[in-house]
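Peer 1: with the sequence up front, the predicted model follows.
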Amino acid sequence: MTSTAQEPTPGGSAAPRPEHLGRVIFIAAAAAMGGFLFGYDSSVINGAVVAIRERFDVGSEALAQVIAAALIGCALGAATAGRIADRIGRIRCMQIASVLFTASAIGSALPFALWDLAMWRVIGGFGIGMASVIGPAYIAEVSPPAYRGRLASFQQAAIVIGIAVSQLVNWGILNLADGDQRGDIAGLEAWQWMLGVMVVPAVVYGLLSFVIPESPRYLVSVGRNAEARKVLAEVEGKRVDLDGRVAEIEHAMRSEQKSTFKDLLGGRFGFLPIVWVGIGLSVFQQLVGINVIFYYSSLLWQSVGIDPSQSFLYSFETSVVNIIGTVIAMALVDRIGRKPLALIGSAGMAVSLGLAAWAFSFKSGTGDDISLPHAQGIVALVAANCFVLFFALSWGVVVWVLLGEMFPGHIRAAALGVAAAAQWIANWVITVSFPTLSDWNLSGAYMIYTGFALLSIPFVLKWVPETKGKALEEMG
């Protein structure tokens, strides 16, 4: 990580490197654990779907609704987190999310009916939705401007690491059960352990929230200026004019009020224009079809002749590509800016998805039993991994960074909540619609995702603001 210790601030003073940059990194990583929970939960359920179908004797459609139920909870949690955070603080919000997810992990591991499992997944989703809003907002508020982009990218890094770790854990549990998702391990079936192990990261998230400071902007908003100075000294350095920084935050808040849904209204089409931009970023991030790769990857692997029993290795390989792309984004987001990175990713995703659509136009078979000619199969595999790489090095990180930065202070929490809720809803739409689209025309499905990748380019060029190097108080 290169030093930008003397990057000028808007006020003309230098922004020195924090004396304890390692502490700042720890704080951001702790807050990003909410992203880890999302990644873990979204992937861990894939290791249990066969067993859940057999245990409760349900069809694929009902099972898909249970899998996607968590996303509805996520949308509800994201929509309400902003107001909760403004009232009780960011840290308390994280602790509530941790409790909800811990309860969900235990309940999901010990369900007595399918509706019971769905209920616990909605509860867990509510906690993840809260964390998805609070994490980026909190990281943006505690990060020194020169490092904010890289620190905000921890959210997406945590998501992709959560996906990879859940696959490793599922593989380990499945080996203990001799490859049987319903195999017995200490009195419980293997799939129950897969869901129950989620208790560990949930508890870790809660414990970490007790050792990181409250947001200085929240502290100033409730009149706890002395505590805000201490936090600013901890994250921005004692050489910074602490009284000046507190005064700057107070000035930005002077004409502000607690953000509510009503504050987001007033634009030509209901919401303020900047809120629509946030919603657009969230929706485009999902409508390019990224979760199709992670939720339904076995279909792709089997279509090119890979033994389903080896699908874990190939799914994990995709997760590794995802992590590599995220690391690239973390290195570039503060150097080349948010918009250029998003445009690079959009172009790369459009080409990759277009190639995948071409390859799948040669498929034979229907449903889960499809195959591709060898050449087209290789193209499909390469295109899928290139798509994941371009997504990870751009939209996967940039969207979370922008959502934490781009909104004016007086609507930041509420606007981020609406944008994140839109993201979860779009995620749900993609998740439940892909099986139907695949049965209709798999190549056509990928053409639809290609179209959204192309549409994201003019959207970024025309409406998305560049926030690189700006103080949060400048957003307005």
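Peer 2: Yep, that arrived.

Peer 1: now do the helices in the stretch 251-400 of the chain.
Peer 2: Assigned helices in the stretch 251-400 of the chain, in chain order: 273-287, 290-295, 297-303, 311-332, 338-360, 374-392, 395-405 (criterion: DSSP state H, counting those that start in this stretch).

Peer 1: most packed of those?
Peer 2: Mean neighbour counts were compared across these using mean count of other CB atoms under 10 Å; the top stretch is helix 395-405, at a mean of 28. Using the backbone N, CA and C atoms, a C-beta is placed for each residue, glycine as well.

Peer 1: now the angle between helix 338-360 and that one, please.
Peer 2: Going by axes from the mean of the first three to the mean of the last three CA atoms, to 10 degrees, helix 395-405 is angled at 150 degrees with respect to helix 338-360.

Peer 1: from the contact counts, what lies against helix 395-405?
Peer 2: With contacts taken as 3 or more CB pairs under 8 Å, 6 or more residues apart in numbering; DSSP states H and E, helix 395-405 sits against helix 114-142, helix 148-152, helix 154-176, helix 273-287, helix 311-332, helix 338-360, helix 412-463.

Peer 1: again, 6 Å this time
Peer 2: helix 114-142, helix 148-152, helix 154-176, helix 273-287, helix 338-360 (3 or more CB pairs under 6 Å, 6 or more residues apart in numbering; DSSP states H and E).

Peer 1: packing partners for the last one?
Peer 2: Using 3+ CB pairs under 6 Å, 6+ apart as the contact criterion, the secondary-structure elements in contact with helix 338-360 are helix 374-392, helix 395-405, helix 412-463.

Peer 1: try 10 Å this time
Peer 2: Judged by 3 or more CB pairs under 10 Å, 6 or more residues apart in numbering; DSSP states H and E, the packing partners of helix 338-360 are helix 148-152, helix 273-287, helix 290-295, helix 297-303, helix 311-332, helix 374-392, helix 395-405, helix 412-463.

Peer 1: low-confidence stretches in the stretch 301-450 of the chain?
Peer 2: Along the stretch 301-450 of the chain, the model assigns pLDDT under 70 to residues 301-314, 365-370.

Peer 1: count of neighbours near E54?
Peer 2: Using other CB atoms under 10 Å, the number of residues around E54 comes to 13.

Peer 1: ok, A226 next?
Peer 2: 9.

Peer 1: next one: the one 3 residues further on
Peer 2: Other residues near R229 come to 19 when the count uses other CB under 10 Å.

Peer 1: likewise for F362?
Peer 2: F362 has 15 nearby residues by other CB under 10 Å.

Peer 1: contact partners for it?
Peer 2: S371, L372, P373, A375, Q376, G377, V379, A380, S443 (CB atoms under 10 Å, 6 or more residues apart in numbering).

Peer 1: F391 is in contact with V292, correct?
Peer 2: No. Contact criterion CB atoms under 10 Å: V292 and F391 do not qualify, at 11.3 Å.

Peer 1: without its sequence neighbours, what residue ends up closest to V133?
Peer 2: A81 (3.9 Å; CB to CB, 6 or more residues apart in numbering).

Peer 1: buried stuff in the helix or strand hosting that neighbour?
Peer 2: Take DSSP states H and E as the rule and A81 turns out to sit in helix 60-88. Across helix 60-88, burial judged by 16 or more other CB atoms under 10 Å covers 63-86.

Peer 1: same thing with stretch 237-252?
Peer 2: G237, V240, L242, R245, V246, E248, I249, A252.

Peer 1: who are the neighbours in contact with the fifth one?
Peer 2: Meaning V246. Counting by CB under 10 Å, 6+ apart, V246 has contacts P216, L219, V220, N225, A226, A228, R229, L232.

Peer 1: which one of these is nearest to W358?
Peer 2: Minimum distance to W358 across those is 51.5 Å, recorded for P216 (CB to CB).

Peer 1: just give me the neighbour total for that closest one.
Peer 2: 26.

Peer 1: out of the helices of the stretch 251-400 of the chain, which is closest to A186?
Peer 2: Short answer: helix 311-332, nearest of these by CB to CB, at 22.3 Å.

Peer 1: so which other helices or strands are in contact with the closest one?
Peer 2: Counting by 3+ CB pairs under 10 Å, 6+ apart, helix 311-332 packs on helix 33-44, helix 148-152, helix 154-176, helix 290-295, helix 297-303, helix 338-360, helix 374-392, helix 395-405.

Peer 1: tell me how far the second one lies from the chain's centre.
Peer 2: When distances are taken as CA atoms, centre = their mean, to the nearest Å, helix 148-152 is centred 14 Å away from the chain's centroid.

Peer 1: hmm, back to that, quick one: the residue nearest to V133 and G417 touch, right?
Peer 2: Yes. With contacts counted by CB under 10 Å, A81 reaches G417, the gap being 5.2 Å.

Peer 1: any shared contact partners between those two?
Peer 2: Residues touching both A81 and G417 by CB under 10 Å, 6+ apart: G129, M130, S132, V133, I134, A137.

Peer 1: re the thing from before, biggest separation within the buried residues of stretch 237-252, which pair?
Peer 2: G237 and A252 (20.3 Å).

Peer 1: tally up the residues packed near D57, please.
Peer 2: 8.

Peer 1: what does I448 give?
Peer 2: Neighbour count for I448, taken as other CB under 10 Å: 18.

Peer 1: also D184?
Peer 2: Per other CB under 10 Å, the neighbour tally for D184 reads 12.

Peer 1: measure it to E54 for me?
Peer 2: 14 Å (CB to CB, to the nearest Å).

Peer 1: can you check Q285 too?
Peer 2: Applying CB to CB, the value for Q285 to E54 is 34 Å.

Peer 1: what does I161 give?
Peer 2: I161 sits 30 Å away from E54, going by CB to CB.

Peer 1: got TSV for the contacts of F362, with distance to R90 too?
Peer 2: Listed next are the contacts of F362 as TSV, based on distance: CB to CB, whole Å:
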residue	distance to R90
S371	50
L372	48
P373	53
A375	52
Q376	49
G377	47
V379	46
A380	43
S443	45
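
Peer 1: need the contact list for the residue lying closest to A85 once chain neighbours are set aside.
Peer 2: Spatial nearest neighbour of A85, excluding adjacent residues (CB to CB, 6+ apart): C93 at 4.6 Å. Contacts for C93 (CB under 10 Å, 6+ apart) come out as 34, 77, 80-82, 84-87, 127, 130-131, 133-135, 137-138, 209, 413.

Peer 1: can you do 7 Å?
Peer 2: C93 sits next to A81, I84, A85, M130, I134 when contact means CB atoms under 7 Å, 6 or more residues apart in numbering.

Peer 1: skipping its backbone neighbours, what lies nearest the last one in space?
Peer 2: With CB to CB, 6+ apart as the measure, C93 is the residue that lies nearest to I134, at 4.7 Å, once sequence neighbours are left out.

Peer 1: kindly report the same for the second one.
Peer 2: Closest residue to I84 in three dimensions, ignoring its sequence neighbours and counting by CB to CB, 6+ apart: C93, at 5.5 Å.

Peer 1: that older thread, make TSV from the helices and strands packed on helix 338-360 and add distance to M194 to it.
Peer 2: TSV is the format used below for the helices and strands packed on helix 338-360 (distance: least, CB to CB, whole Å):
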stretch	distance to M194
helix 148-152	31
helix 273-287	25
helix 290-295	16
helix 297-303	16
helix 311-332	12
helix 374-392	23
helix 395-405	25
helix 412-463	19
